[in-house]
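Participant: following is a predicted model, sequence given first.
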Amino acid sequence: MQPTSSVAPAGTTHFFARFAARVTTWSGSTAAFCLALSTILAWAATGPLFHYSETWQLVINTGTTIVTFLMVFLIQRAQNKDSLVLHLKLNELLASHKGASNRLINAQDFSEEEIHMLHNYFCMLAEKARQDHNLGRTHSIEEAEENHLQKRRRRRHHRRGGQPILPAE
């Protein structure tokens, strides 16, 4: 099965993606910071020359507003890409690990209610691990639940006078 994509790699889209990636990388560089600082210092130095006029103030206000507006989208684009790549890597780890619960693959697409439900399950898992005094023993919710039930059965059986049942290893 071929993965589907909501964005077709058209020429314009590919060009914009490369351009945006380069601008994003450059905007976080020392050179970009130095350019921004130099611009502000040059603007401040020209204040007396223009008698601190409204036009002088409007130049910096307009410039910084435009740059800020565009940077919001570039930063969000970079964040979306980083987040997607991170999720793909985590999905690969979950899918490849034998003991991992596959229900967490694509968890980023779950509703808030589903995420809270899974969070509660993992809180239960942590509590069961604390009760078992072995935090690294279980690997999944299902395995933790089964281990916990087996321990309860052994304790109940032992309290009734029976021999303790040893877990199968």
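Facilitator: Sure thing, it's come through. Residues are numbered from 1 along each chain as shown.
Participant: separation between residue 40 and residue 75?
Facilitator: Counting by CB to CB, to the nearest Å, the gap between residue 40 and residue 75 amounts to 20 Å. (C-beta placed from N, C-alpha, C; glycine too.)
Participant: for residue 16, same thing?
Facilitator: Residue 16 sits 16 Å away from residue 75 when distances are taken as CB to CB.
Participant: before we move on, what about residue 53?
Facilitator: When distance is defined by CB to CB, residue 53 is 33 Å away from residue 75.
Participant: for the nearest residue to residue 93 once chain neighbours are set aside, helix, strand, or coil?
Facilitator: With sequence-adjacent residues excluded and distances taken as CB to CB, 6 or more residues apart in numbering, residue 93 is closest to residue 100, at 7.3 Å. Per DSSP: H, G, I helix; E, B strand; the rest coil, the secondary structure class of residue 100 is coil.
Participant: for residue 100, phi and psi?
Facilitator: The phi and psi torsions at residue 100 (degrees, to the nearest 10) take the values phi -80, psi 150.
Participant: that one reaches residue 90, doesn't it?
Facilitator: No - in this structure, residue 100 is not within contact of residue 90 by CB atoms under 8 Å, at 10.0 Å.
Participant: now do the residue nearest to residue 93, the pLDDT please.
Facilitator: According to the model's per-residue confidence, residue 100 sits at a pLDDT of 77.
Participant: and it, how close does it get to residue 82?
Facilitator: Look at residue 100 and residue 82: by CB to CB, they are 23 Å apart.
Participant: between the two, which is the more surrounded one?
Facilitator: Using other CB atoms under 10 Å, the more surrounded residue of residue 100 and residue 82 is residue 100, with 15 against 10.
Participant: can you tell me how far that one is from residue 116?
Facilitator: As for residue 100, its distance to residue 116 is 21 Å (criterion: CB to CB).
Participant: next: residue 19.
Facilitator: Here the criterion is CB to CB. By it, residue 19 lies 40 Å from residue 116.
Participant: then residue 154?
Facilitator: Distance check for residue 154 against residue 116: by CB to CB, it reads 33 Å.
Participant: more crowded one of those two?
Facilitator: The residue with more neighbours, out of residue 154 and residue 116, is residue 154; 16 against 11, by other CB under 10 Å.
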